[in-house]
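> Mind folding the following:
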Amino acid sequence: MRKWTSRGLVAVGIVATLGLSAPVLASAGSNSQDSPSSKGSHPGIASYRTTRRAIQAAFRDAVNLARTAYQNSLATASSSAQRSAARQIFEVAIIQAAATRSASLTRLGPEPGKSNGTKGRLT
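Numbers count the residues shown, from 1 in each chain. As a prediction, this is how the structure comes out:
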């Protein structure tokens, strides 16, 4: 019974991670420059930063969900094998969340207006 509970928690965690990261991944590749920055500098900076914050928030949510599932699994675990399995599942969830965040940030690319030699100046 406990095995099904931990599997269910893992399944919920994976579904939630995918559900949270799918909209972020979908918007990460878009080059929408409709929303100008409040400072009036480069039009793509505001949308870039919003997307980056969404990626970071999705990562934090996935980590928190994995941590909650891990703590629930530990609460019901009665053997060291069950605790070890819960820890492994937790670590895999963290690795998947980090990989999703990394892929999203790679697709997003560098901040608009910044290049290697400009040190934050707009081009």
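> end-to-end on stretch 74-85?
For stretch 74-85, the first-to-last residue distance is 10 Å (CA to CA, to the nearest Å).
> Which parts of it count as buried, going by neighbours?
Within stretch 74-85, the residues that qualify as buried are 77, 82, 85, counting by 16 or more other CB atoms under 10 Å. For the C-beta atoms, the positions are set from N, CA and C on the backbone; glycine is no exception.
> CSV please, covering these and showing secondary structure and distance to Arg52.
As requested, those are arranged in CSV below (DSSP: H, G, I helix; E, B strand; the rest coil; distance: CB to CB, whole Å):
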residue, secondary structure, distance to Arg52
Ala77, coil, 37
Gln82, helix, 38
Ala85, helix, 35
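> So which residues of the protein form strands?
Secondary structure of the chain (DSSP state E): no strands located.
> Low-confidence ranges, it, go.
The chain contains residues with pLDDT under 70 at 1-43, 114-123.
> mind putting the buried residues of stretch 74-85 in TSV, distance to Gln56 included?
Shown next, in TSV, are those (distance: CB to CB, whole Å):
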residue	distance to Gln56
Ala77	31
Gln82	32
Ala85	29
